[in-house]
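Colleague: the sequence and its predicted three-dimensional model are supplied below.
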Amino acid sequence: MASQPRRWSRVAGYTMMAAAGIGAAAYPTPSVQEATGPLVYLWAAFLAVGGLLAAFGATTDRWIGELLGLPLLSAAFSVYAVVLASASAPASVVAALVLGGFALLLVGRWRDVGLVRLEATRQAE
């Protein structure tokens, strides 16, 4: 029962990331659009699809959703971090550190889910 609250907090977080991706597609961030051109919609799609996949995986307690969604989320946050860091303004660099750190945490979660996948496969054999 202790894992349930943690799972639902992940569902909420991933759902918020998906909503951010939908919002970023509807209202692209000017600095990201300037830096990446039409690829701004790709990063928004990474957030939306990655968030939805990860939320589905966390909701159903299936590793496949997070395993597929987390790399998309991490890539999107990494792009946003690089764009912010390139602005060179102190506040932008601080925000870039936050987003970059968050991207690395998502990579760590992805690796943990990968270990769960390996163990689940081993148990099934």
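Modeller: Cool, got the structure. Bear in mind the structure is a predicted one, so any value in this text is a computation, not a measurement.
Colleague: hey, which helix is longest across this protein?
Modeller: Counting residues, the longest helix found in the chain (DSSP state H) is helix 90-124.
Colleague: any low-confidence regions in this structure?
Modeller: 1-6 (pLDDT under 70).
Colleague: out of everything not next to it in sequence, what's closest to Ala76?
Modeller: Phe46 (3.9 Å; CB to CB, 6 or more residues apart in numbering). C-betas here are computed from N, CA, C, even on glycine.
Colleague: ok, that neighbour touching Leu70?
Modeller: No. In this structure, Phe46 is not within contact of Leu70 by CB atoms under 8 Å, at 10.8 Å.
Colleague: if I follow the layout properly, Val116 ends up in contact with Asp61?
Modeller: No. Between Val116 and Asp61 there is no contact under CB under 8 Å: 10.3 Å.
Colleague: where's the residue lying closest to Pro71 once chain neighbours are set aside relative to Ala124, distance?
Modeller: Nearest residue to Pro71, sequence neighbours excluded (CB to CB, 6+ apart): Trp110, at 6.1 Å. Noted for Trp110: a distance of 21 Å to Ala124, by CB to CB, to the nearest Å.
Colleague: these two: which has the busier surroundings?
Modeller: Each of Trp110 and Ala124 has its neighbours counted (other CB atoms under 10 Å); Trp110 has more, 18 against 6.
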